[in-house]
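[1] need coordinates for the following:
(one chain, ligands or ions: 2)
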Amino acid sequence: MKHFISTRGIDSATAIRLLDTTADMADVRQRDVKKLPTLRGKTVANVFFEDSTRTRLSFEAAALALSADVSTFTSKGSSVSKGESLKDTVQTLESMGADFIVLRHCDSGAAATLAQSGWINAHVINAGDGTHEHPTQALLDAYTLRSRLFGDSARGRNLAGVRIVIVGDILHSRVARSNVWLLATLGAHVTLVAPRTLMPRDIAAWPVAIVHTLDEALDEGVDAVMTLRIQKERMNDAFFPDAAEYTRFWGMTTARFDAVRANTLVMHPGPMNRGLEIAGSIADSANSTVRDQVSHGVAARMAVLYTLLGEDAS
Ligand code: ASP
Ligand code: CP
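    Numbering: from 1, shown residues only. Ligands and ions are numbered 1, 2, ... in the order given. So this is what the prediction gives:
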């Protein structure tokens, strides 16, 4: 694998290998010496055209944990304001030594375009492209699920038989897309829940079940509920009547939480709109995986950098 652009098309054996490598990296992070020399002499360039807290900082932490040098570019404050193109920006970074370009961009397809462009030789990792994909988020989510559900016996496993509900702004969510492809490959049963206005038009072609209220989805009993952020910055229209109405039908409220099985996991990729798609007390509860997801994000990104580096040796 030279680039990491999408979870679509990753086969089951590769997906399990990535999860197991994430487990290895999580073990490294528990040691007294939390570093590996794997990327010594290599440079990871984070190239962020959209805002980020978790993804950018965890790629930095992952690169440093593998002994790489790191440079970080954010479009705000850069020469993009003078009209510099993506091509010239990434070529500039490669000229300064970048071996990996971690790209977050507002255009769906930007990472794939860069990987196929021939503009650079560096590995390209998609850190979120428009409403298209966020594959390292899906990897850390699957890893979080697998380790919380199967504990010490997680290694080598897929997610066959695991039931997951993904609820919220599916239309604008690259997290939902990357999760759906990876979870389906791992054998999980995925149900999507959203108001009709926030369901993508091509949803019938996705490997999922679809319902339109959260109560209906939870009735069947599930292992995990992944709540998604309402992405106001991508909405140029009213997609639901108001916030209270949204929470009433699609929010993870305390009343709903009290009605689900005691060990049901509640996930959120962050950043959260507390009180809208998820009650603050649920986000802070023992069932919440929010903090684990962030922590596993470093290990998952170490696993991706490590795996792509392996391509250079082959
Ligand atoms: N942080 C995730 C993303 O960039 C999810 C979100 O913003 O809601 O896609
Ligand atoms: N989950 C996620 O991608 O968070 P950031 O947008 O803060 O990177």
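[2] which other helices and strands contact whatever helix or strand Val124 lives in?
    Taking DSSP states H and E as the criterion, Val124 maps to strand 123-129. Strand 123-129 is packed against helix 54-65, strand 100-105, helix 110-117, helix 135-150, helix 290-313, with contacts defined by 3 or more Cβ pairs under 8 Å, 6 or more residues apart in numbering; DSSP states H and E. To be clear about C-beta, it is placed using only N, CA and C from the backbone, and glycine gets the same treatment.
[3] mind listing what's buried along the first one?
    I take that to be helix 54-65. Arg54, Thr55, Arg56, Ser58, Phe59, Glu60, Ala61, Ala62, Ala63, Leu64, Ala65 (16 or more other Cβ atoms under 10 Å).
[4] tell me the helix or strand right after it.
    Past helix 54-65, the next helix or strand by DSSP H and E is strand 69-74.
[5] the residue nearest to Ala112 when sequence neighbours are not counted and ligand 1: what is the separation?
    Among residues not flanking Ala112 along the chain, Ile5 sits closest, at 5.1 Å (Cβ to Cβ, 6 or more residues apart in numbering). The spacing between Ile5 and ligand 1, counted by Cβ to the nearest ligand atom, to the nearest Å, is 15 Å.
[6] what's the burial count for Val208?
    18 (other Cβ atoms under 10 Å).
[7] contacts for the helix or strand of the chain with the lowest mean pLDDT, please.
    Across the helices and strands of the chain, mean pLDDT, DSSP states H and E gives its lowest value to helix 243-250, namely a mean of 92. Contacts to helix 243-250, defined as Cβ atoms under 8 Å, 6 or more residues apart in numbering, come from residues 167-168, 193-195, 213-214, 230, 240, 253, 275-277.
[8] these two touch, right, the residue nearest to Ala112 and Val124?
    Yes - counting by Cβ atoms under 8 Å, Val124 is a contact partner of Ile5 at 6.8 Å.
[9] can you list residues touching both of the two?
    In contact with both Ile5 and Val124: Ala111, Ala115, using Cβ under 8 Å, 6+ apart.
[10] just to revisit the earlier point, lowest average pLDDT across the helices and strands packed on strand 123-129?
    Here the helices and strands packed on strand 123-129 differ in mean pLDDT, and the lowest is helix 290-313 at a mean of 95.
[11] and it with helix 54-65, angle?
    With axes from the mean of the first three to the mean of the last three Cα atoms, to 10 degrees as the basis, helix 290-313 and helix 54-65 are set at 50 degrees to each other.
[12] from the buried residues of helix 54-65, which is closest to Ala110?
    Closest approach between these and Ala110, by Cβ to Cβ: Thr55, at 14.5 Å.
[13] out of everything not next to it in sequence, what's closest to the closest one?
    Ala127 (5.0 Å).
[14] how close does the one you found sit to Ala45?
    11 Å (Cβ to Cβ, to the nearest Å).
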